[in-house]
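1. Whatever this is, show me its structure:
(one chain, ligands or ions: 2)
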Amino acid sequence: MDKILLFIPCYNCENEILKVLNSLCDYSKYFKEILVIDNGSKDNTLNNAIDWAKEHTKVPVSVMQNKENYNLGGSHKVAFNYAINNGFGYVIILHGDNQGDISDIKEILEKEKYKNYDCCLGARFMKESKLVNYSPVRIIGNIAFNILFSIFLKKKLYDLGAGLNIYSTEMLKSKYWEKFPDALTFNYLMTMALDFYKQKYMFFPLTWKEEGQVSNVKVTSQGFDLLSKLFKYVFNKKDFINSELRTKVFNEYASECKYSNINK
Ligand SMILES: Nc1nc2c(ncn2[C@@H]2O[C@H](COP(=O)(O)OP(=O)(O)OP(=O)(O)O)[C@@H](O)[C@H]2O)c(=O)[nH]1
Ligand SMILES: [Mg+2]
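-> Numbers count the residues shown, from 1 in each chain. Ligands and ions are numbered 1, 2, ... in the order given. Below is the predicted model of the structure:
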């Protein structure tokens, strides 16, 4: 069986992390390790995850906490390094805020479809995707960007970065992602990299729930940032993808294991 790491990035989601972990009970046979990475939450996320791991010893869970807040992209870097250093074949990302649904990858896991790709990417905007409570502004904005990226990257893209993805560790080993933004925009760069490095990819439909409201100001500023990144990439792909894209550069992405119910 493939050695699969399921990584859950968390920040201030003390209630949602419990729902996410509960949803994994029926899937634990697929995962060698479930790695919860807390990014310095101010609420009870860390302790809730640790208590859950203590109570559910049949589900292999480790809980780590980052030394500093590295944002979502930085948390991916912690998980990617962990997967590479510990011999995992695949890394799955599932957001800890319970917007996604693990059952969306049931068939991919069961039939081992992920083996045929460098990455399998969850998409919120396929015909079969289900969006719950998603604002029309965000739907239109996202679809417009998907079209724009599809035209410039000359491939059909159904999402530029959602919260349920599968990556082969082999592909991550060159660490091409090291200088990508630590921010939430990390995934957009992963999408550009998919084009630049000619990765073999597939999209699968997601069920995605939106609970909190995000201001349109944030959505608009993210849109402008994305547009500028797209044009810089198209103008000079190689230089852009290899450039320093972080606003603050960390020398290392350090994370400490706070608890594990796995005998390693
Ligand atoms: N915002 C934020 N999220 C983080 C951080 N570290 C880990 N996360 C997790 O990253 C995931 C995505 O963060 P969100 O703020 O929900 O961003 P998003 O899902 O891209 O955007 P929304 O669609 O608005 O929810 C969540 O599971 C967070 O708990 C961090 O430093 N900031
Ligand atoms: Mg979210």
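
2. tell me which residues in stretch 155-168 are buried?
-> Leu157, Tyr158, Asp159, Leu160, Gly161, Ala162, Gly163, Leu164, Asn165, Ile166, Tyr167, Ser168 (16 or more other CB atoms under 10 Å). In short, each C-beta sits where N, CA and C put it, glycine included.

3. ugh, wrong one, I meant stretch 17-25
-> Using 16+ other CB under 10 Å as the test for burial, stretch 17-25 gives Ile17, Leu18, Val20, Leu21, Leu24.

4. Out of the buried residues of stretch 155-168, the closest to ligand 2 would be?
-> Of all the buried residues of stretch 155-168, Gly163 has the smallest distance to ligand 2: 6.2 Å, by CB to the ion.

5. rewinding a little: reformat the buried residues of stretch 155-168 as CSV; add secondary structure and distance to Ser221.
-> Below are the buried residues of stretch 155-168 laid out as CSV (DSSP: H, G, I helix; E, B strand; the rest coil; distance: CB to CB, whole Å):
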residue, secondary structure, distance to Ser221
Leu157, coil, 22
Tyr158, coil, 24
Asp159, coil, 20
Leu160, coil, 16
Gly161, coil, 16
Ala162, coil, 20
Gly163, coil, 20
Leu164, strand, 25
Asn165, strand, 24
Ile166, strand, 30
Tyr167, strand, 28
Ser168, strand, 33
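
6. Closest one to Leu121 out of those, please.
-> Nearest to Leu121 out of these is Asn165 (CB to CB; 5.1 Å).

7. Please give me every residue in contact with the closest one.
-> Applying CB atoms under 8 Å, 6 or more residues apart in numbering, one finds that Asn165 lies in contact with Ile92, Ile93, Cys119, Cys120, Leu121, Gly122, Asn187.

8. neighbour-wise, which of those leads?
-> Within the contacts of Asn165, neighbour counts (other CB atoms under 10 Å) peak at Gly122, which reaches 28 neighbours.

9. Quick check: it touching Leu164?
-> Yes: with contact defined as CB atoms under 8 Å, Gly122 counts as touching Leu164 (3.7 Å).

10. joint contacts of those two?
-> Jointly contacting Gly122 and Leu164 under the rule CB under 8 Å, 6+ apart are Gly100, Asp104, Ile105, Leu206.

11. So which elements touch the worst-scoring helix or strand of the chain on mean pLDDT?
-> Least confident helix or strand of the chain, by mean pLDDT, DSSP states H and E, is helix 216-235 with a mean of 88. Helices and strands touching helix 216-235, by 3 or more CB pairs under 8 Å, 6 or more residues apart in numbering; DSSP states H and E, are helix 136-153, helix 186-196, helix 237-242.

12. what about the first one, near ligand 2?
-> When you say that, I think you mean helix 136-153. No: judged by CB under 5 Å from the ion, helix 136-153 stays clear of ligand 2, getting no closer than 11.7 Å.
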